[in-house]
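Trainee: model the structure of this input:
(chains A and B)
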There are 2 protein chains.
Amino acid sequence: MKTLLEAIRPTTFIEPEKLRKYLGVDLTIATETFQHTGSFKFRAAYNLALNVPNAEILTASSGNFGQALAYACQLLNKKCTVVMPGTSAQVKIEAVKGYGATVDLVDTQKIGRNERVAQLAAKMPDAYFASAYDDSFVIEGNASLGAELATKNFDVVVSPVGGGGLASGIIKGLCDAESAAQIFGAEPLLANDAARSFREGKIVVNEFEPQTIADGARTISLGNLNWAILQTGLSGIFEVPEEKIIEAVRILFSYANLKTEPTGALSLGAILDNREKFIDKKVCLVVSGGNVDAGIYRQILDG
Amino acid sequence: MKTLLEAIRPTTFIEPEKLRKYLGVDLTIATETFQHTGSFKFRAAYNLALNVPNAEILTASSGNFGQALAYACQLLNKKCTVVMPGTSAQVKIEAVKGYGATVDLVDTQKIGRNERVAQLAAKMPDAYFASAYDDSFVIEGNASLGAELATKNFDVVVSPVGGGGLASGIIKGLCDAESAAQIFGAEPLLANDAARSFREGKIVVNEFEPQTIADGARTISLGNLNWAILQTGLSGIFEVPEEKIIEAVRILFSYANLKTEPTGALSLGAILDNREKFIDKKVCLVVSGGNVDAGIYRQILDG
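Mentor: Reported below is the predicted structural model:
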């Protein structure tokens, strides 16, 4: 049974000279697109599956956490059930099944996802219910990325923010290593509950799931554990307009040979929109994942 | 002034579990898409510019070698002139100029590229004329990739073949490290001069520049120095049909989150076409570069 550090793939650092020249910013990319299952979520999922005593784990995810948890459970010989909306792309459903997990498809017209999870949890009293972000094992797993970033002496780290699991983990990892780097969050303007939470000094909840193209950031709100860390650990949050997210995906393709999902490009979107704040700093751009359908990617390249 | 090993970016190894499962082959990708200037050519170009005594270097290239040499010369404070066809994409011309090189645009309707190079060489008697493949500094530079591959104990390494600079360098690097890995070449069926050279036991020259989508392999023939190494060092050459090259680009996108240029996907194309030969072996797939226009890539994803 591998430890977390044995199981994860170290992040891939890229020093993209063309992108540096284009932006006039000294930036380095830390990309998790080649992490197992194609996103940072594997760090969280493996750490959780490794450390909870339960032999069975239940989660609700239509995206990267479901795949990551399914694969982690396969590696650790645990049972895994992933609740997914019936409208999920077939390729995502197959990916989760491919790692040996049970997929529970919910008709969200008839029953809410949380309600279905509660039903299942009642049926599986021995299962651990895993949140994709609001869980200390998740934060601890993601802190392994912060520890890697700490070795590079960045002035500034910019991370996508959805539920806050990645950003809070990065803060924890950097702080544990006594790094002096400033950490900024980047979230879609269309899903700016984290920025609003900062302005109001308490967790603000979106009225409905925001329909941003950055589907990994379509969370209803920050998690409680995440908020506690972000509130003091983040130096600020950038709200990125949809067109800047799309432009960032295109620029990463053209100037860094990097395929990313829209959520992964949020951090570059923040820089495109606030370039002057990053000049003369050694900046790390965290790209959280690369799993995007060919059809959507094609449309993005179309411009 | 950095040594070759200080100047290059180590290759990026990816262990793509989805792709492994899809193919049923234990493969690892060694991708040069994140090498400086986006392809392995920087290894060759830097080694050449570092080691020739001349303060000025001349080459003819419409593609990756031109960019790589321009950047290497910029780093080493040498003058660089790149002869390019007048029909080259503006983005490629700008990239070479962006690294401070002089671009000499040739109207190939009026004067052949080689003729123009001869004209320029006569005008620049102190310049070194650099072949993109048929040069011992080029082979030695690319051998640095072979040395990296040798650390991983692969049974089989598959490399794209155009002029033979990459494959001969990999052979040299692996042999110097006393690796027992078998090395195979992958070239487009439409540009199969290397395979024909093997069959005839001597260098066979294409009648005209082959119009394969793998534009890095549109070479007229293998280089003499390359052929001398390939003839004894290669275990075989796969001739990859165009549709398998395109399928390989798509599969690398979907199953490995990897953006590649068509030439870079030749090695996977060879495996798609000859899967049974790679089962039960530890296979390394060399991806040579990632520089492809968004328009062409979009068409490839379109299917």
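Trainee: show me where the stretch 101-250 of chain A has strands.
Mentor: In the stretch 101-250 of chain A, the strands defined using DSSP state E, counting those that start in this stretch lie at A:102-106, A:128-130, A:156-160, A:182-188, A:236-240.
Trainee: and of these, who's closest to A:Pro16?
Mentor: strand A:156-160 (14.8 Å; Cβ to Cβ). Using the backbone N, CA and C atoms, a C-beta is placed for each residue, glycine as well.
Trainee: elements contacting that closest one?
Mentor: helix A:165-176, strand A:182-188, helix A:266-273, strand A:282-287 (3 or more Cβ pairs under 8 Å, 6 or more residues apart in numbering or on different chains; DSSP states H and E).
Trainee: for B:Gln90, find the nearest of these.
Mentor: helix A:266-273 (22.6 Å).
Trainee: for the closest one, the distance to its chain's centre please.
Mentor: 16 Å (Cα atoms, centre = their mean, to the nearest Å).
Trainee: need the residues of the stretch 101-250 of chain A near chain B, please.
Mentor: Listed as neighbours of chain B in the stretch 101-250 of chain A under the rule Cβ under 8 Å from any Cβ of the partner chain: A:Arg250.
Trainee: can you count the residues close to the residue in the stretch 101-250 of chain A that chain B sits nearest to?
Mentor: Across the stretch 101-250 of chain A, the shortest distance to chain B (Cβ to the nearest Cβ) belongs to A:Arg250, at 7.1 Å. By other Cβ atoms under 10 Å in any protein chain shown, 16 other residues sit near A:Arg250.
Trainee: isn't it up against A:Asp302?
Mentor: No - using Cβ atoms under 8 Å, A:Arg250 is not in contact with A:Asp302, being 9.5 Å away.
Trainee: what's the nearest residue to A:Ala49 if we skip its chain neighbours?
Mentor: A:Ala72 (4.2 Å; Cβ to Cβ, 6 or more residues apart in numbering or on different chains).
Trainee: equivalent analysis for A:Ala195, please.
Mentor: A:Ala195 sits nearest to A:Ile237 (Cβ to Cβ, 6+ apart), 4.5 Å away.
Trainee: the one you found: what's it in contact with?
Mentor: A:Val161, A:Phe184, A:Gly185, A:Ala186, A:Glu187, A:Asn192, A:Ala194, A:Ala195, A:Phe198 (Cβ atoms under 8 Å, 6 or more residues apart in numbering or on different chains).
Trainee: A:Pro81 belongs to a helix, doesn't it?
Mentor: No Pro there; residue A:81 is Thr. No - with DSSP: H, G, I helix; E, B strand; the rest coil as the criterion, A:Thr81 is located in strand rather than a helix.
Trainee: how much space between A:Arg9 and A:Thr263?
Mentor: 19 Å (Cβ to Cβ, to the nearest Å).
Trainee: quick one: which of these two has more around it?
Mentor: For A:Arg9 versus A:Thr263, the count of surrounding residues by other Cβ under 10 Å is larger for A:Thr263: 32 against 14.
Trainee: surely that one touches A:Val240?
Mentor: No - look at A:Thr263 against A:Val240 with Cβ under 8 Å: they stay out of range, at 10.6 Å.
Trainee: show me the contacts for the residue of the stretch 51-200 of chain A found nearest chain B.
Mentor: Closest contact between the stretch 51-200 of chain A and chain B, by Cβ to the nearest Cβ, is at A:Gly98 (6.9 Å). Taking Cβ under 8 Å, 6+ apart, we find A:Gly98 in contact with A:Ala70, B:Lys18, B:Lys21.
Trainee: distance of it relative to A:Gly216?
Mentor: 20 Å.
Trainee: do the same with A:Phe278
Mentor: 23 Å.
Trainee: comparing the two, which residue is more hemmed in?
Mentor: Remark: of A:Phe278 and A:Gly216, A:Gly216 carries more neighbours, 27 against 21, as counted by other Cβ under 10 Å.
Trainee: dump the residue contacts of the closest residue to the more buried one other than its chain neighbours.
Mentor: Distances taken as Cβ to Cβ, 6+ apart place A:Thr263 nearest to A:Gly216, at 3.3 Å, with adjacent residues excluded. By Cβ under 8 Å, 6+ apart, the contact set of A:Thr263 is A:Pro160, A:Gly162, A:Ala214, A:Asp215, A:Gly216, A:Ala217, A:Ser288, A:Gly289.
Trainee: residues near A:Asn153, how many?
Mentor: For A:Asn153, using other Cβ under 10 Å, the count is 11.
Trainee: that one against A:Lys282, yeah?
Mentor: Yes - the pair A:Asn153 / A:Lys282 is scored as a contact, 7.0 Å apart, by Cβ under 8 Å.
Trainee: and A:Leu225, how many neighbours does it have?
Mentor: Neighbour tally, A:Leu225, other Cβ under 10 Å: 18.
Trainee: so it touches A:Gly169, yeah?
Mentor: No - A:Leu225 lies out of contact with A:Gly169 (Cβ under 8 Å); the separation is 10.5 Å.
Trainee: pretty sure A:Ala95 sits against B:Lys18.
Mentor: Yes - contact criterion Cβ under 8 Å: A:Ala95 and B:Lys18 qualify, at 7.5 Å.
Trainee: circling back to that earlier point, which neighbours do A:Leu225 and A:Gly169 share?
Mentor: A:Ile139.
Trainee: if you count neighbours, what's buried in stretch A:199-214?
Mentor: A:Ile203, A:Val204, A:Pro210, A:Thr212, A:Ile213, A:Ala214 (16 or more other Cβ atoms under 10 Å in any protein chain shown).
Trainee: ends of it, how far apart?
Mentor: 22 Å (Cα to Cα, to the nearest Å).
Trainee: what's in contact with that stretch?
Mentor: Residues contacting stretch A:199-214 (Cβ under 8 Å, 6+ apart): A:160, A:162, A:188, A:190-191, A:193, A:196-197, A:217-222, A:224, A:227, A:242, A:245-246, A:261-263, A:265-266, A:296.
Trainee: what's the closest non-adjacent residue to the residue in the stretch 1-150 of chain A positioned nearest to chain B?
Mentor: Going by Cβ to the nearest Cβ, chain B is nearest to A:Thr33 of the stretch 1-150 of chain A, at 4.5 Å. In space, and not counting its chain neighbours, A:Thr33 is closest to A:Gly290: 3.0 Å by Cβ to Cβ, 6+ apart.
Trainee: for A:Arg43, same thing?
Mentor: Using Cβ to Cβ, 6+ apart, the closest residue to A:Arg43 is A:Gly141 (4.3 Å).
Trainee: just A:Gly162 next, same as before
Mentor: That would be A:Ala217: by Cβ to Cβ, 6+ apart, it lies 3.9 Å from A:Gly162.
Trainee: does that neighbour touch A:Glu187 like I think?
Mentor: Yes - in this structure A:Ala217 lies within contact range of A:Glu187 using Cβ under 8 Å: 5.7 Å.
Trainee: where do the helices sit along the stretch 201-303 of chain A?
Mentor: Secondary structure of the stretch 201-303 of chain A (DSSP state H, counting those that start in this stretch): helices located at A:224-233, A:242-256, A:266-273, A:294-302.
Trainee: buried sites along the last one?
Mentor: This points to helix A:294-302. In helix A:294-302, counting by 16+ other Cβ under 10 Å, buried: A:Ala294, A:Tyr297, A:Arg298, A:Ile300, A:Leu301.
Trainee: where does A:Ala30 sit, in terms of helix or strand?
Mentor: A:Ala30 belongs to strand A:26-31 when elements are defined using DSSP states H and E.
Trainee: quick one: is that strand near chain B?
Mentor: No - on the criterion Cβ under 8 Å from any Cβ, strand A:26-31 is out of touch with chain B, staying 9.0 Å away.
Trainee: and that strand, what's buried?
Mentor: A:Leu27, A:Thr28, A:Ile29, A:Ala30, A:Thr31.
Trainee: quick one: pLDDT of the last one?
Mentor: Which is A:Thr31. We have a pLDDT of 98 for A:Thr31.
Trainee: ok, now how distant is it from A:Asp293?
Mentor: 19 Å.
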